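> Kindly return the folded structure for what I paste below:
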Amino acid sequence: MTATARTRPGVRSLAALITGALATGGLAAAGATALQPQEARASSHREAPLISGDPLHDNTDVYAFVSPDKPDTTTLIANWIPFEEPAGGPNFYPFAEGSQHDIHIDSDGDGQGDLLYRWTFDTRTRSGDTFLYNTGPVSSLDDPDLNVTQSYDIDLLKLKDQKVVSTTKIANDLPVAPSNVGKASMPDYKTLRKQAIRQVEGSGQAFAGQADDPFFLDLRVFDLLYGGDLSEVGRDTLAGYNTNTIALQVPTASLRQSAKQPIVGVWSTTQRKNADGKWTQVSRLGSPLVNEVVVPQKDKDRFNASHPWNDADFLPYVTEPELPKLLESIYKLPAPKEPRDDLVSVFLTGVKGLTQPPDVRPAEMLRLNTSVKPTDAPKRLGVLDGDNAGFPNGRRLTDDVVDIELQAVEGELLGNKNDLGDAVNANDVKFGDTFPYVALPASGSRGPLTEKQSGDDTSKSALDGGALSGNASSTSESGSDDTLVIASATAGVAGVLLIGLGLAWWRGRMRRRGQL
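Below you'll find the model as predicted:
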């Protein structure tokens, strides 16, 4: 039986009028807010339905390259948690506890891991009696004012036919660099980053912590491929967002099979326990954008749970790709003839003579020829532009993988020369010259402590309701903020007036009926 609320007609009318008045004010304010930058809702990182609802376990990118400043070592980088808004407190962005964050190495080309580096994280909270992530300015990783801290272990597993042969702990209880709360909380974040770089067993070094998201691209590709008329390009959708990074630099000799077989395959995964307490793989990443724009909706979750040695299951999506057909439909660009064996070399086997190991088993992963020395002048298009140290030979932070893959999909390797791209050619923040190479994370600061930038809200104060401080000039940037304040105030006044008129009308009606 459904309960029904019974209300006198006059009261119902008054409630409706008040609700309408408040809604009018809310809509007006919302209209002004819409002039501000909107939150991004889609990401190449959120590549499959299930993992998009589980950002802590979402492995967003993986990189592998010969270290430019230490060419006898190889650097491995993997990122988790997409679209970290820098001011996203009070909990900010810890690594997932009770989960396994893995980087796999295939040193013989059979599609199976021979080495596995595994990160596990632990969280400690000094005081549960405060809502604060930090209770004062933090100057070091062991500062008592850093209320929530994380540490991690790294285990190196050696495998044979996917069975563990040996396990060695190469790092124990190393500190994680915290989320960059802001300049009042972390006035010298660069020092915290440096303190989080630690030596590990085997002459390597490791880092775990927050970083600027190094992936640069315009995600409006999903708006029917850049707006249907190429009008939606040139904006780095990930600019200003952070991610959680793990980085490991180890002697190259410890990764490859031998100097004669220097090619290694690299991919990363995340495992967590299911309801039955069993480990379950929920995220997988090798080459960028494969699960986003190669694998269709029906198989995205299956791909995330799969293993490279079974990638023959997904072969038709590579040899008969959807993307060139869409480009032909929307932009009348002729799609190359199928089957696309050229893309098999890019995504599955490696490029012959460069990144293809002998007796290779087709499998989706990054493939890195560790014998190719880094260049002093890397080219963003990598191998396509004659720079054999770049993607698809591994992946460097500066490689423009979106443009490379768009051009490859449209047949660049078949002689169909083209200059397709999203007009985002570099990251919005400069990368570092030394390990861990990723840029410092964007600060969560708001208020006068941040460096004032045109159009930023950092010249406002919470003590005066967000009004501009000092004698701010009436520029177009501040004008948009004033518009929001004025529109909100006007909407509020309009709502109050409507409520007053409604009350007067209702009281008059009740008098005429003799109910007052």
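> Can you give me the distance of the most centrally placed residue in the chain to residue 237?
Closest residue to the average C-alpha location of the chain: residue 82 at 2.8 Å, with CA atoms, centre = their mean. Separation of residue 82 from residue 237 (CB to CB, to the nearest Å): 11 Å. In this view, the C-beta of every residue, glycine as well, is placed from N, C-alpha and C.
> can you count the residues close to residue 73?
Using other CB atoms under 10 Å, residue 73 is surrounded by 21 other residues.
> doesn't residue 249 make contact with it?
Yes: using CB atoms under 8 Å, residue 73 is in contact with residue 249, at 5.2 Å.
> Quick check: neighbours shared by those two?
Common neighbours of residue 73 and residue 249, counting by CB atoms under 8 Å, 6 or more residues apart in numbering, are 67, 204.
> And stretch 303-323, what's buried?
Of all the residues in stretch 303-323, those buried under the rule 16 or more other CB atoms under 10 Å are 303, 304, 306, 307, 308, 311, 314, 317, 318, 321, 323.
> Please list all residues in contact with residue 226.
Residue 226 neighbours (CB under 8 Å, 6+ apart): 218, 220, 232, 233, 422.
> Which two among those are spaced furthest apart?
232 and 422 (9.1 Å; CB to CB).
> Same drill for those two, tell me which one is more crowded.
Neighbour tally, residue 232 and residue 422, criterion other CB under 10 Å: the higher count belongs to residue 422, 23 against 19.
> got a list of what that one touches?
Contacts of residue 422 were listed using CB under 8 Å, 6+ apart, and they are 217, 218, 221, 226, 233, 234, 402, 403, 406.
> cool, and residue 150?
94, 95, 121, 122, 123, 124, 175, 176, 178, 208.
> Same list, the residues you listed, but as a markdown table with secondary structure, pLDDT and neighbour count please.
Listed next are the contacts of residue 150 as a markdown table, based on DSSP: H, G, I helix; E, B strand; the rest coil; pLDDT from 0 to 100; neighbours: other CB atoms under 10 Å:
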| residue | secondary structure | pLDDT | neighbour count |
| --- | --- | --- | --- |
| 94 | coil | 98 | 19 |
| 95 | coil | 98 | 24 |
| 121 | strand | 98 | 20 |
| 122 | strand | 98 | 14 |
| 123 | strand | 98 | 14 |
| 124 | strand | 98 | 10 |
| 175 | strand | 98 | 19 |
| 176 | coil | 98 | 23 |
| 178 | coil | 98 | 27 |
| 208 | strand | 99 | 27 |
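> Of those residues, just say which sits nearest to residue 65.
residue 208 (18.6 Å).
> hang on, the earlier thing: name the residues contacting each of residue 232 and residue 422.
Contact criterion CB under 8 Å, 6+ apart; residues shared by residue 232 and residue 422: 218, 226.
> distance of residue 121 from residue 100?
Using CB to CB, residue 121 is found at 10 Å from residue 100.
> And residue 51, by the same measure?
Here residue 51 is placed at a distance of 15 Å from residue 100 (CB to CB).
> can you check residue 442 too?
28 Å.
> What's the local residue count around residue 282?
Residue 282 is flanked by 21 other residues according to other CB under 10 Å.
> Quick check: closest non-adjacent residue to it.
Leaving aside its chain neighbours, residue 282 sits nearest to residue 57 (5.2 Å; criterion: CB to CB, 6 or more residues apart in numbering).
> tell me the phi and psi of that neighbour?
phi -100, psi 0 (degrees, to the nearest 10).
> same deal with the one 3 residues further on?
The phi and psi torsions at residue 60 (degrees, to the nearest 10) take the values phi -90, psi -40.
> Surely it touches residue 211?
No: using CB under 8 Å as the test, residue 60 is too far from residue 211 to be in contact (11.3 Å).
> Now the common contact residues for those two.
With CB under 8 Å, 6+ apart, residue 60 and residue 211 have common neighbours 79, 243.
> burial measure for residue 419, as a count.
Applying other CB under 10 Å, we find 10 residues neighbouring residue 419.
> three-state assignment of it?
Of the three states, residue 419 takes coil under DSSP: H, G, I helix; E, B strand; the rest coil.
> Identify the residues contacting it.
Residues in contact with residue 419 (CB under 8 Å, 6+ apart) are residue 407.
> isn't there a strand covering residue 327?
No: using three-state DSSP, the secondary structure at residue 327 is helix, not a strand.
> for the helix or strand encompassing the residue nearest to the centre of the chain, packing partners?
Using DSSP states H and E, residue 82 sits within strand 73-84. For strand 73-84, the contact count by 3 or more CB pairs under 8 Å, 6 or more residues apart in numbering; DSSP states H and E identifies strand 59-66, strand 100-106, strand 204-212, strand 242-251, strand 263-273 as packing neighbours.
> Which residue, neighbours along the chain excluded, lies closest to residue 204?
Spatial nearest neighbour of residue 204, chain neighbours left out: residue 250 (4.0 Å); criterion: CB to CB, 6+ apart.
> Show me the beta-bridge partners of that neighbour.
With beta bridges defined as DSSP bridges, residue 250 has these partners: residue 74.
> so it touches residue 73, yeah?
Yes: judged on CB under 8 Å, residue 250 makes contact with residue 73 at a distance of 6.3 Å.
> Need the residues touching each of those two.
Taking CB under 8 Å, 6+ apart as the criterion, residue 250 and residue 73 both touch residue 204.
> follow-up on the earlier one: reformat the contacts of residue 422 as CSV; add distance to residue 283 and secondary structure.
Shown next, in CSV, are those (distance: CB to CB, whole Å; DSSP: H, G, I helix; E, B strand; the rest coil):
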residue, distance to residue 283, secondary structure
217, 19, coil
218, 24, coil
221, 21, helix
226, 27, helix
233, 28, coil
234, 30, coil
402, 21, helix
403, 25, helix
406, 24, helix
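> can you give me the helices for this structure?
Taking DSSP state H as the criterion, the chain carries its helices at 9-33, 49-52, 189-195, 224-227, 290-293, 300-304, 315-319, 323-331, 341-344, 401-409, 476-512.
> For the fifth one, list the C-alpha coordinates in PDB.
The C-alpha trace of helix 290-293 is given here as PDB (Å, rounded to 0.1, in the frame of the first residue of the first chain):
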ATOM      1  CA  VAL A 290      44.300   0.100 -26.800                       C
ATOM      2  CA  ASN A 291      41.400  -0.600 -24.500                       C
ATOM      3  CA  GLU A 292      40.000   2.900 -25.100                       C
ATOM      4  CA  VAL A 293      39.700   3.000 -28.900                       C
END
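> on that earlier part again, buried subset of the contacts of residue 422 as a ChimeraX selection?
This is how ChimeraX selects the buried members of the contacts of residue 422, with burial counted by 16+ other CB under 10 Å:
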select :217,218,221,226,402,403,406
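> Excluding chain neighbours, what is closest to residue 162?
Counting by CB to CB, 6+ apart, residue 112 is the residue found nearest to residue 162 once chain neighbours are left out, at 5.7 Å.
> which ones are touching that neighbour?
With contacts defined as CB under 8 Å, 6+ apart, the neighbours of residue 112 are 106, 159, 161, 162, 308, 309.
> Name the nearest of those relative to residue 357.
Using CB to CB, the contacts of residue 112 come closest to residue 357 at residue 106, 8.4 Å.
> Help me confirm that that closest one comes into contact with residue 113.
Yes: if you go by CB under 8 Å, residue 106 and residue 113 touch, sitting 5.8 Å apart.
> List the residues that contact the residue lying closest to residue 188 once chain neighbours are set aside.
Among residues not flanking residue 188 along the chain, residue 139 sits closest, at 6.8 Å (CB to CB, 6+ apart). Shown in contact with residue 139 (CB under 8 Å, 6+ apart): 187, 188, 191.
> ditto for residue 90
Contacts of residue 90 (CB under 8 Å, 6+ apart): 131, 132, 133.
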